[in-house]
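> Fold the stuff below for me.
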Amino acid sequence: MSSAPAIRCPKATLATNAQGVLRVTVLDDSAQLIVRFARDVTNPPQPLLLRATSYTLTGGERIFPRILSASVHNTGVPTALQNRLILLQLDRIGDFSTYTLTVSDADLDPFFSSIKLRFRLACDASFDCRPPLEADEQPREPDVVVDYLTRDYASFRQALLELVPTRLAAWTERSEADIGIMILELLAATGDTLSYTQDRIASEAFLSTARQRRSVAGHLALVGYELDEGASALTFLRFKVNAVHTVVPGLRVSTRKERESDAVVVFETLAPVTLRPEHNVDQMRLFKWGKDDCCLLKGSLTADLDGEFPHLEAGAWLLFADDAGHGDVVRIAERELVPATPGEVVPSGPRTIVRWLATTPLRTEYCVSKTTVSANVIPATHGETIVDDLRAIAAATRLRYRLNLGPLAFLDPRVLVLTQPVGTPVDERSPHSVSTLSLTIGGDVWEPRRSLLESSENDRHFRIEVDDDGDASIVTGNGVLGQLPGATASARAIYRIGGGTAGNIAAMTLTEAHAGPSESLTWLDEVTNPLPATGGRDRESRDRARRFAPATFHDPLVAVTAADYERAAAAVVDTTGAALIQRATATFRWTGSWLTVTTAIDPRGSSGASAEVIAAATRALDARRLAGYDLEILSARYLPLDVIVDFCAAPRFNAADVQRRLIAALAGGANAFFNADNFSFGDDVFASRLFAAAMSVAGVESARIRRLALLHAANPNADTARNLQQGFLAVGGDQVILLDNDRNHPERGALQVVPAGRGA
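Sure thing, here's the model as predicted:
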């Protein structure tokens, strides 16, 4: 069997006396091929060319025809082609691809042994099969040299003036009144604007180079950091009235303008309070119990007022002030009236007992003879209320409203608690400050949100953006993330302007009350602020946020590992910011359906977790747990101890005094060895440290640990021997030792300190 040679000859010629295939005609209708040879196939006879097996048809993509037979084709053939045509019968015609017909015969010239063919030529496109002619080469535009340092109007104008002669040499006009120069200068101005916009976009795209406060806020929001918008200062106003009057929120009280250049600072009341003449500062005093030298101790949570004040209610504010300038405002939690009892040796009534919240204890001592009391007290914050009709500004797919006055005042969340019922906890997940703005669009009330990413297309939500100058803008939704209001809908904003450190004014400076248009102040005799205003802070600058916000990367937003849950629990604080939990331990447990994160907490300053502490920890950890994880908060497993320490008193020391001091040093106060805050989860009790604590007490000459075991142990002596031999009493990872030495609660651990010669 012959095969085509590996080389290719563009103009091959048939070898002398050799046979070869010159052409193939394809008959699609009858599935036949007519092969034209160079010479007669019968003279001399070439029997191989009359066999179907001598022909091979290769190629195709989907259809692969087979050659069934081969015979001489002389029907209707000119004499010159007689016996040169071979008819090949196929079982089918091929597809549209190119096939190769190869003939195997020793007498064939290898360069003429195969030929390419196509079926279905009638179905081909009507285009010419010849390759298209190459298009005439267009004249090439001259290269333009671009100076990428061209960034402003002047340089763009000069570059265009230099470019024009390369395109239109005949234009030499340079007059500013020429239409061509005008268009050129418009293009230069457009280029200047585009360059500025590109620079701004490039700068605002990165935290380190952003120059707009809202850009910095957007970058930092991606890591869970919110810029602090500042807060208005808080003070308490003391009123002296001549008639019963209910003050509604928003009563304005300002400083007095002594000179024309003086700035007036305005505060507004925060909560509704009913003022009464009997609650004036000159009508209330502390109950003396028949003595003049009594004092209300620092840290007190209750006081007795001289006389009956039935209108004092829970939630009212009470002001204590003395001649030395000290002052404290407490919020009444409960009140009790005690009528007078005839014939008392020490008068105990009539009086009113008031109790207030533990979160606001007295910060100083108040002597009865030098202290004034008043219940006509109202909290007030810095800022003045404004009613503003807004005009919509279209911005891409949203609407933006810009406040006409500023700066917009914000309130600290802890200040807002003053308007809530007594005991309302502070939401620690609240932002740094809360806006005072309320918005209505088209008569509908819209609600503020920190972000619109979770708002649906029908939610009337908006967010606030504040720039470096304190000017605030309102941004609405776009119809997908938040509702898009109509551009012609009327919008009205009610907000307060003010805030910042400018509101931290001195005491006794707010003296001017301002009535509304339809109000009178005939009920008012006097108003002032006995205490200085505090808590006012300026909004956080973008530069400070750039420096300090990246540190929040180290505080994960979501608790993932057990250590994350433990750190989140240890960060739980109360309404005053004090830490509630000393330490926590977390474990992952499979409950059969899902993972449960069991977190045991060791509260600070207590030997057991109260329901309030567990609730606070649950709120904090529930906001940070992973989806699909259950959460369980437990109190620590406490191990009450049984400890006996023998000691010998040093010469010239009374053994009873040393014993008392030794008990106090080991389990008698905040600095005691067995204080609850000194031990947490898994903290072993080392005998050496117990010895050191005992020997540090003045008057102890020697000490011996006679017992160091668990309370009610089955064999405490054996346990003590083992613990002393190894040097410590072992504690499990989820356990905390407990030794209160409280005779009222013996189940919380017991301590015995025995002088030498008194014990077994």
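> shaky segments in the stretch 651-760 of the chain?
Across the stretch 651-760 of the chain, the ranges flagged by pLDDT under 70 are 757-760.
> quick one, helices of it?
Along the stretch 651-760 of the chain, counting by DSSP state H, counting those that start in this stretch, helices occupy 655-667, 687-695, 716-726.
> Quick one: closest of these to residue 211.
In terms of CB to CB, the element of the helices of the stretch 651-760 of the chain nearest to residue 211 is helix 687-695, at 57.6 Å. Bear in mind the C-beta positions are built from the backbone N, C-alpha and C, glycine included.
> what's the closest of the helices of the stretch 651-760 of the chain to residue 80?
The closest of the helices of the stretch 651-760 of the chain to residue 80 is helix 716-726. By CB to CB, the value is 120.2 Å.
> so what secondary structure elements neighbour that closest one?
If contacts are counted by 3 or more CB pairs under 8 Å, 6 or more residues apart in numbering; DSSP states H and E, helix 716-726 sits against strand 700-710.
> Any idea how far the strand it packs on is from the middle of the chain?
Averaging C-alpha positions (CA atoms, centre = their mean, to the nearest Å) puts strand 700-710 53 Å from its chain's average.
> all numbers from here: first residue = 326
Shifting the count to begin at 326 puts that one at strand 1025-1035.
> Contacts for that strand, please.
The set of residues external to strand 1025-1035 that reach it, using CB atoms under 8 Å, 6 or more residues apart in numbering, is 964-976, 983, 987, 1010, 1012, 1015-1016, 1019-1020, 1041-1042, 1044-1045, 1048-1049, 1054, 1077, 1079, 1084.
> Remind me what the longest helix along the chain packs against, helices and strands.
Longest helix of the chain, by residue count under DSSP state H: helix 504-529. Helices and strands touching helix 504-529, as assessed by 3+ CB pairs under 8 Å, 6+ apart, comprise helix 478-492.
> Does the helix it packs on pack against any helices or strands, and if so which?
Contact here means 3+ CB pairs under 8 Å, 6+ apart; on that basis helix 478-492 packs against helix 504-529.
> For this structure, which helix or strand comes out least confident on mean pLDDT?
For the chain, counting by mean pLDDT, DSSP states H and E, strand 717-720 ranks last in confidence among helices and strands (a mean of 80).
> Paired strands for that one, with orientation please.
Sheet pairing of strand 717-720 (DSSP bridges) gives strand 723-727 (antiparallel).
> which element follows the partner strand toward the C-terminus?
strand 735-736 (DSSP states H and E).
> what does that next one contact?
Against strand 735-736 from outside (CB under 8 Å, 6+ apart): 554, 555, 556, 557, 706, 758, 759, 760, 761, 824, 864.
> Looking at these, which are in strands?
Cross-referencing these against strands under DSSP state E gives 706, 759, 760.
> ok so, going back, can you turn the buried part of the contacts of strand 1025-1035 into a ChimeraX selection?
Applying 16 or more other CB atoms under 10 Å to the contacts of strand 1025-1035 leaves a buried subset, and the ChimeraX line that selects it is:
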select :964,965,966,967,968,969,970,971,972,973,974,983,987,1010,1012,1015,1019,1041,1044,1045,1048,1049,1054
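> Which residues are in contact with residue 717?
Applying CB under 8 Å, 6+ apart, one finds that residue 717 lies in contact with 724, 725, 726, 810, 812, 813, 814, 816.
> picking that back up, and which of the contacts of strand 735-736 is nearest residue 572?
Distance to residue 572 across the contacts of strand 735-736 (CB to CB) is lowest for residue 706, with 14.3 Å.
> out of everything not next to it in sequence, what's closest to the closest one?
Distances taken as CB to CB, 6 or more residues apart in numbering place residue 557 nearest to residue 706, at 4.4 Å, with adjacent residues excluded.
> Give me the below-cutoff pLDDT ranges for this protein.
In the predicted model of the chain, residues 326-333, 449-464, 466-467, 668-671, 721, 748-756, 877-880, 901, 930-932, 1082-1085 satisfy pLDDT under 70.
> Could you pull out the helices in it for me?
Under DSSP H, the chain gives helices at 478-492, 504-529, 538-546, 738-741, 867-873, 887-895, 936-947, 980-992, 1012-1020, 1041-1051.
> With respect to residue 802, which of those helices lies nearest?
Across the helices of the chain, residue 802 has its closest neighbour in helix 538-546 (16.5 Å, CB to CB).
> Could you find the closest non-adjacent residue to residue 765?
residue 817 (5.2 Å).
> show me what contacts the one you found?
Residue 817 makes contacts with 712, 713, 714, 715, 764, 765, as judged by CB under 8 Å, 6+ apart.
> And it, how close does it get to residue 773?
Relative to residue 773, residue 817 is positioned 15 Å away (CB to CB, to the nearest Å).
> before we move on, the earlier item: which pair of the contacts of strand 735-736 spans the longest distance?
Across the contacts of strand 735-736, the longest distance by CB to CB is 15.8 Å; it joins 706 and 864.
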